[in-house]
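K.L.:
no sequence on this one, just coordinates:
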């Protein structure tokens, strides 16, 4: 008992002793004192452990007799009856783990689809395979270790029934407490296997749109246009919208005035689409030239013409901005009107008997006059009003 208490005191007091020495001594002297302290403590640890071992042996001999001592004959008997089986269990578990770890990447890769055939597609596929195979290999290693440990404990004479019951209860408690974590990991597994989205895609998940910076089994990291980084648990993702998978599309409504010739307008839009598709700078970003599908909607002040065109992934916003600029220039050259909301102001009816005055010369104005008869100024609706004169009785 005293040796055990001494060992506990050494373990508990060693960090505090080292902290006191670091505050008391400095420089080379502090290093020398610390080394000496480490040697003394290690020696005391060895002596205390030896005393505890001797006490344990003495207690065993006193209870079981001399035959309980470890002898070469007893070691040989135990090794032939239990040791070989324990080594066999450990070897089979290790070989099984190595086999599964080696075969997992190929199995995972064969069950996953690749996006494209370029270098980036191969890198994305390799990263997803590495993530999934690493997670599955870790789960496999933990499972094999638990099973092998229980089998080895059984060979050592330990009753594993209470341990199995405890492990079952602990598993239930862990499953109830970590169900959100398990849900996140299962959702992340399917996200990576089905290639719903990947690093570098622009997606909208859980109501948040942004660039995917990282995807793991547990979470998805997005960065929006404001630069804000969002970490979203995969279990919270009910629907994922990928804006950049394989290809993207520009979807644009071009408004024109009701008085324009629609056939001529559509011809100009298609011509601009062909020009931007043949441009040496913008052409490589476009898969199919933007073209008009016809009239899409009758608006309050104009007609909306639908324009669609396929682009390379993540290029739809750049192409749309350039297409709008070219459409504006083309409409200005062709004198095609782009409508805008008009607003007509009505100032109401003047009070009966009131006289409107010219704002420039204060001359009385006739009803509905557009110019002043005295000074010739154009009236813009802001004429002053003189209240009616009182009746003279």
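P.N.:
Perfect, thanks for sending it. Quantities reported herein were computed from a predicted structural model and do not represent experimental measurements. Residues are numbered from 1 along each chain as shown.
K.L.:
contacting residues around the closest residue to residue 82 other than its chain neighbours?
P.N.:
Residue nearest to residue 82 in three dimensions, not counting chain neighbours: residue 155, with 4.8 Å by CB to CB, 6 or more residues apart in numbering. In this view, the C-beta of every residue, glycine as well, is placed from N, C-alpha and C. For residue 155, the contacting residues are 82, 85, 86, 89, by CB atoms under 8 Å, 6 or more residues apart in numbering.
K.L.:
okay, residue 155 and residue 307: tell me how far apart.
P.N.:
Distance of residue 155 to residue 307, given as CB to CB, to the nearest Å: 76 Å.
K.L.:
one step back: quick one, phi/psi of the residue nearest to residue 82?
P.N.:
Backbone dihedrals for residue 155, given as degrees, to the nearest 10, come out at phi -70, psi -30.
K.L.:
distance check, it against residue 92.
P.N.:
13 Å.
K.L.:
could you do residue 289 as well?
P.N.:
Distance, residue 289 to residue 92, using CB to CB: 64 Å.
K.L.:
what does residue 167 give?
P.N.:
21 Å.
K.L.:
try residue 187
P.N.:
Counting by CB to CB, the gap from residue 187 to residue 92 is 34 Å.
K.L.:
between these two, who's got more neighbours?
P.N.:
residue 187 (20 against 13; other CB atoms under 10 Å).
K.L.:
how about that one: what's its closest non-neighbour residue?
P.N.:
Spatial nearest neighbour of residue 187, excluding adjacent residues (CB to CB, 6+ apart): residue 234 at 3.9 Å.
K.L.:
thought that neighbour was touching residue 197?
P.N.:
No - applying CB atoms under 8 Å as the test, residue 234 and residue 197 come out as separate, 11.2 Å apart.
K.L.:
spell out for me which residue occupies the centre of the chain.
P.N.:
residue 221 (1.9 Å; CA atoms, centre = their mean).
K.L.:
isn't there a strand covering that one?
P.N.:
Yes - the assignment for residue 221 is a strand, going by DSSP: H, G, I helix; E, B strand; the rest coil.
K.L.:
how close does it get to residue 195?
P.N.:
17 Å.
K.L.:
before we move on, back to that, partners of the residue nearest to the centre of the chain in the sheet?
P.N.:
For residue 221, the beta-bridge partners are residue 214, residue 231 (DSSP bridges).
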